[in-house]
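**Q** I would like to see how this sequence folds:
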Amino acid sequence: MEENLTRKAINLALKCQWKDAIKINKLIIKEDGSDTEALNRLARAYLETGEITKAKSVSKKVLKIEPSNKIAEKSIEKYKRFKTNVDSGSEQNINASVFLEEVGKTKLTNLINLGSPKNISKLYSGDEVKLLTHSHRATITTLDDTYVGRLPDDISARIRLLVKGGNSYKVFIKSVCLSNIKVFIKEIKKGKEFENCMSFPLEKSESIDESSSQSDFEIN
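**A** Alright, predicted model coming up:
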């Protein structure tokens, strides 16, 4: 019974049906008040519906049960990014600055080959994640190395070459729903090899492949 409810709670989170997720997680917690996974899901659902005070209270309860719970610790830090709107009395996210676009320096894209629904359901908009480049792909993981997904092949090919040339990037989760994760990639440093080239040009003419060098780029 509880296993079915857990699966339903995870699916509701992936579908962003947060009010229903609150109800289901409460049912699970009613049966087992020390279920930290259900409590973390409940805190997340409260956060997504703007009930920051309740979310914080639930996360603190998790830490009383399990003081080293990483998800609850991360959530407590996340709540600091929220503030109360004096006029409306509602609580609002203030991490929008993370997603400021800069021409040639930022890119919003969908991931492919996503990780497990259980792990994906724990992701938040605004979470920083890691970009790992390999010989034939570029993958995204959480900061504690849980696999999230892969970059599309065209972006992956470009990123791998740029990173090899000394560029570095930060990546953040933009949105999470069922079968769809968007990430925001931001250039934070240029390598000398590509100091005159955009990471993400507007024109498709600046394409690269694995055998490309700087001479193959259209200088911007």
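
**Q** And the contacts of stretch 141-154?
**A** For stretch 141-154, the external contacting residues (CB atoms under 8 Å, 6 or more residues apart in numbering) are 70, 109-115, 119-120, 123, 127-132, 137-140, 156, 159, 181, 183. All C-beta spots, glycine's among them, are computed from the backbone N, C-alpha and C.

**Q** Now a PyMOL select for only the buried ones of those.
**A** Listed next is the PyMOL selection for buried residues among those, using 16 or more other CB atoms under 10 Å:
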select buried, resi 109+110+111+114+115+120+123+127+129+131+137+138+139+140+156+159+181+183
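
**Q** Just the contacts of stretch 141-154: which are in helices?
**A** Applying DSSP state H to the contacts of stretch 141-154, the entries found in helices are 70, 119, 120, 156, 159.

**Q** what's near enough to touch the last one?
**A** It stands for residue 159. Each residue near residue 159 by CB under 8 Å, 6+ apart is listed here: 131, 133, 138, 151, 169, 185.

**Q** now those as JSON lines including distance to residue 77 and pLDDT?
**A** JSON lines is the format used below for the contacts of residue 159 (distance: CB to CB, whole Å; pLDDT from 0 to 100):
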{"residue": "131", "distance to residue 77": "21", "pLDDT": "97"}
{"residue": "133", "distance to residue 77": "27", "pLDDT": "95"}
{"residue": "138", "distance to residue 77": "27", "pLDDT": "97"}
{"residue": "151", "distance to residue 77": "26", "pLDDT": "97"}
{"residue": "169", "distance to residue 77": "22", "pLDDT": "97"}
{"residue": "185", "distance to residue 77": "22", "pLDDT": "97"}
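
**Q** Could you find which two of these are furthest from each other?
**A** Of all pairs drawn from the contacts of residue 159, the one with the longest distance (CB to CB) is 133 and 185, at 12.3 Å.

**Q** More neighbours: which of these two?
**A** Taking other CB atoms under 10 Å, residue 133 and residue 185 do not tie; residue 185 has more neighbours (22 against 17).

**Q** helix, strand or coil for residue 19?
**A** Assigned with DSSP: H, G, I helix; E, B strand; the rest coil, residue 19 falls in the helix class.

**Q** dump the residue contacts of it.
**A** Residues near residue 19 by CB under 8 Å, 6+ apart: 45, 49.
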